[in-house]
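Enquirer: Sequence unavailable; structure follows:
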Ligand SMILES: O=P(O)(O)O[C@@H]1[C@@H](OP(=O)(O)O)[C@H](OP(=O)(O)O)[C@H](O)[C@H](OP(=O)(O)O)[C@H]1OP(=O)(O)O
Ligand SMILES: Nc1ncnc2c1ncn2[C@@H]1O[C@H](COP(=O)(O)OP(=O)(O)OP(=O)(O)O)[C@@H](O)[C@H]1O
């Protein structure tokens with residue numbers, strides 16, 4: 001079937017929502033059209049070759065659903081675009097983008113996807129939780145070390161959010177909420193959207209007042225807004241379905257990472273007799289290779305001794321793919337559509353999704369090794385009183 005042609009719409013029909021390092025996202029705001037209403041256009045800022053456009057889509061539709069329940073994933077539809085259309089859209093969005101995002105939409109190789117707009121409910125919260133576990137032999141988690149050396153003052157620790165302990169989870173949510181005002185402009189772990197637009201805490205307050213959910217004359221309105229949003233969010237995240245999704249994400253991150261990048265680098269040196277720089281010459285896995293990998297990984301999770309991966313070279317490739325896939329899950333976001341806020345009922349289940357599940361480029365392996373060494377070394381050099389002890393009480397039985 002031919003792909004839907006987005007150039008049938010005007011670039012003016014698309015409103016900038018948000019972006020990350022690799023992707024920029026627009027929502028449809030043109031004349032009613034069932035093909036585009038309530039949908040977003042997701043465009044790449046850089047091209048990762050996993051088998052072309054179809055490969056990118058198939059990774060999300062064939063590989064990821066074998067690891068994450070489909071009900072928490074968004075369906076993506078590849079669409080047709082053109083260079084001139086994208087150039088026009090790019091020009092329209094320039095002034096709306098954060099100044100520190102200096103990269104551009106990839107207009108030369110136009111490709112994109114339509115997906116449901118997850119910010120279309122009254123309030124949607126986006127959390128980018130980052131690494132859920134403590135690395136081997138570490139006392140401080142990777143996020144807390146990284147934040148500290150970046151000069152972020154946030155008290156958020158992902159291990160609290162993933163703990164499955166309601167009190168620790170609530171702490172994590174308050175710290176995430178506060179990071180909007182305490183963090184630096186580049187801190188990206190918590191975002192609030194009101195009816196499709198990113199909103200600062202003051203805008204959330206005025207919307208809640210307009211809707212009669214917050215008294216206009218309340219003395220400490222921002223504090224009350226925070227209470228309302230965090231408590232509703234917390235009630236959503238302690239629902240069994242949300243806890244189970246957090247548990248799945250935690251398990252995927254830690255089992256796919258499996259020993260850390262230092263272990264992977266040692267295995268690499270063992271195979272290449274220290275003659276080849278870490279990561280050099282690796283090719284991006286094909287979809288068939290991803291598929292075989294996931295089959296082997298799932299088998300190993302069920303019966304750890306069942307691996308058929310014997311030869312050390314094959315074992316190395318298995319661990320490379322495993323680490324590569326772990327980086328996707330370490331960098332994805334959770335979107336929570338807070339419908340319950342509107343009904344003032346804290347037990348109404350909210351809709352919760354994982355987004356940003358694209359494959360990462362395999363050429364980044366050496367970057368990740370350098371970066372993790374750098375984070376650990378810089379953190380180790382800090383005065384001992386400024387070091388954190390993060391609590392990882394993972395139990396797969398929870
Ligand atoms: O390395 P990290 O942990 O800093 O993660 C990068 C993210 O930085 P963060 O720490 O969340 O501010 C970074 O996020 P920002 O651009 O800082 O918002 C990207 O998500 C990057 O991946 P990609 O370029 O989008 O594929 C992420 O890079 P990868 O590690 O996934 O390659
Ligand atoms: N289906 C969607 N509905 C609404 N907003 C979305 C949707 N998908 C993505 N977004 C918004 O667009 C932003 C960028 O998308 P995405 O996270 O996929 O990009 P990325 O460049 O891979 O991000 P990062 O650099 O953080 O890894 C998200 O952080 C989110 O705010």
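Expert: Good, I have the coordinates. This structure is a prediction, so every number in the text was calculated from the model and none was measured. Ligands and ions are numbered 1, 2, ... in the order given.

Enquirer: And the average pLDDT for stretch 185-200 is what?
Expert: Averaged across stretch 185-200, pLDDT comes to 90.

Enquirer: And the helices in the stretch 101-250 of the chain?
Expert: 142-150, 158-161, 166-182, 201-210, 221-237, 240-257 (DSSP state H, counting those that start in this stretch).

Enquirer: beta partners of the closest residue to residue 26 other than its chain neighbours?
Expert: Leaving aside its sequence neighbours, residue 26 sits nearest to residue 14 (C-beta to C-beta, 6 or more residues apart in numbering; 3.9 Å). Where C-beta positions appear, they are placed from N, C-alpha and C, glycine not excepted. On the basis of DSSP bridges, residue 14 is bridged to residue 28.

Enquirer: In contact with the residue nearest to residue 387 when sequence neighbours are not counted, which residues?
Expert: In this structure, residue 387 finds its nearest non-sequential neighbour in residue 140, 6.1 Å apart by C-beta to C-beta, 6+ apart. The contact partners of residue 140, taken as C-beta atoms under 8 Å, 6 or more residues apart in numbering, are 134, 148, 379, 387-390.

Enquirer: Which pLDDT value goes with residue 140?
Expert: 96.

Enquirer: could you redo the contacts of residue 140 as TSV and give each row distance to ligand 2?
Expert: Shown next, in TSV, are the contacts of residue 140 (distance: C-beta to the nearest ligand atom, whole Å):
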residue	distance to ligand 2
134	22
148	20
379	22
387	27
388	23
389	27
390	22
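
Enquirer: Just the closest of the residues you listed to ligand 1, please.
Expert: When the contacts of residue 140 are ranked by distance to ligand 1 (C-beta to the nearest ligand atom), residue 148 comes first, at 12.6 Å.

Enquirer: any idea how far residue 389 is from the residue lying closest to that closest one once chain neighbours are set aside?
Expert: Residue nearest to residue 148 in three dimensions, not counting chain neighbours: residue 379, with 6.2 Å by C-beta to C-beta, 6+ apart. Going from residue 379 to residue 389 by C-beta to C-beta, to the nearest Å gives 13 Å.

Enquirer: before we move on, back to that, ok, the residue nearest to residue 148 - how many residues close by?
Expert: Neighbour count of residue 379, defined by other C-beta atoms under 10 Å: 19.

Enquirer: how about the residue nearest to residue 387, phi and psi?
Expert: Main-chain torsions, residue 140, degrees, to the nearest 10: phi -120, psi 140.

Enquirer: could you measure residue 327 against ligand 2, distance?
Expert: Going from residue 327 to ligand 2 by C-beta to the nearest ligand atom, to the nearest Å gives 10 Å.

Enquirer: Just the closest residue of the protein to ligand 1, please.
Expert: Counting by C-beta to the nearest ligand atom, the chain gets nearest to ligand 1 through residue 21 (2.9 Å).

Enquirer: Secondary structure element holding that residue?
Expert: Here residue 21, judged by DSSP states H and E, is contained in no helix and no strand.

Enquirer: Show the contacting residues for it.
Expert: Contacts for residue 21 were tallied using C-beta under 8 Å, 6+ apart; they are 45, 103.

Enquirer: Next, work out how far apart residue 164 and residue 250 are.
Expert: Distance, residue 164 to residue 250, using C-beta to C-beta: 9 Å.

Enquirer: quick one: which of the two has more around it?
Expert: Using other C-beta under 10 Å, the more surrounded residue of residue 164 and residue 250 is residue 250, with 25 against 18.

Enquirer: Which residue comes closest to the more buried one once chain neighbours are left out?
Expert: Spatially, and ignoring its direct neighbours in sequence, residue 250 is nearest to residue 132 (4.2 Å; C-beta to C-beta, 6+ apart).

Enquirer: next one: residue 254
Expert: Residue 254 sits nearest to residue 133 (C-beta to C-beta, 6+ apart), 4.3 Å away.

Enquirer: Assess the claim that the one you found and residue 390 are in contact.
Expert: No. Counting by C-beta atoms under 8 Å, residue 133 stays clear of residue 390, with 9.4 Å between them.

Enquirer: what touches both of those two?
Expert: The contact sets of residue 133 and residue 390 overlap at 141, 159 (C-beta under 8 Å, 6+ apart).

Enquirer: and the two? which has more neighbours close in?
Expert: Set residue 133 next to residue 390 and count neighbours by other C-beta under 10 Å: residue 133 wins out with 21 against 18.

Enquirer: coming back round to it: overlap of the contact sets of residue 164 and residue 250?
Expert: By C-beta under 8 Å, 6+ apart, no residue touches both residue 164 and residue 250.

Enquirer: show me the residues around the residue nearest to residue 250 that make contact.
Expert: Contacts of residue 132 (C-beta under 8 Å, 6+ apart): 158-159, 161-162, 249-250, 253-254.

Enquirer: re earlier: residue 121: which of the helices of the stretch 101-250 of the chain is closest?
Expert: helix 221-237 (11.7 Å; C-beta to C-beta).

Enquirer: Check which helices and strands the closest one sits against.
Expert: Helix 221-237 sits against strand 123-127, helix 166-182, helix 201-210, helix 240-257, strand 333-337, helix 339-343, with contacts defined as 3 or more C-beta pairs under 8 Å, 6 or more residues apart in numbering; DSSP states H and E.

Enquirer: tell me, how many neighbours does the nearest residue to residue 134 once chain neighbours are set aside end up with?
Expert: Excluding the flanking residues, the one nearest residue 134 by C-beta to C-beta, 6+ apart is residue 392, at 4.0 Å. For residue 392, the neighbour count with other C-beta under 10 Å is 18.

Enquirer: got a list of what residue 375 touches?
Expert: By C-beta under 8 Å, 6+ apart, the contact set of residue 375 is 142, 145-146, 149.

Enquirer: quick one: which two of the contacts of residue 140 are the most distant?
Expert: 134 and 148 (15.0 Å).

Enquirer: okay but residue 110 is in contact with residue 88, surely?
Expert: No. In this structure, residue 110 is not within contact of residue 88 by C-beta under 8 Å, at 11.9 Å.

Enquirer: Tell me the residues of the stretch 201-350 of the chain that contact ligand 1?
Expert: Residues of the stretch 201-350 of the chain lying near ligand 1 by C-beta under 6 Å from any ligand atom: 327, 331.
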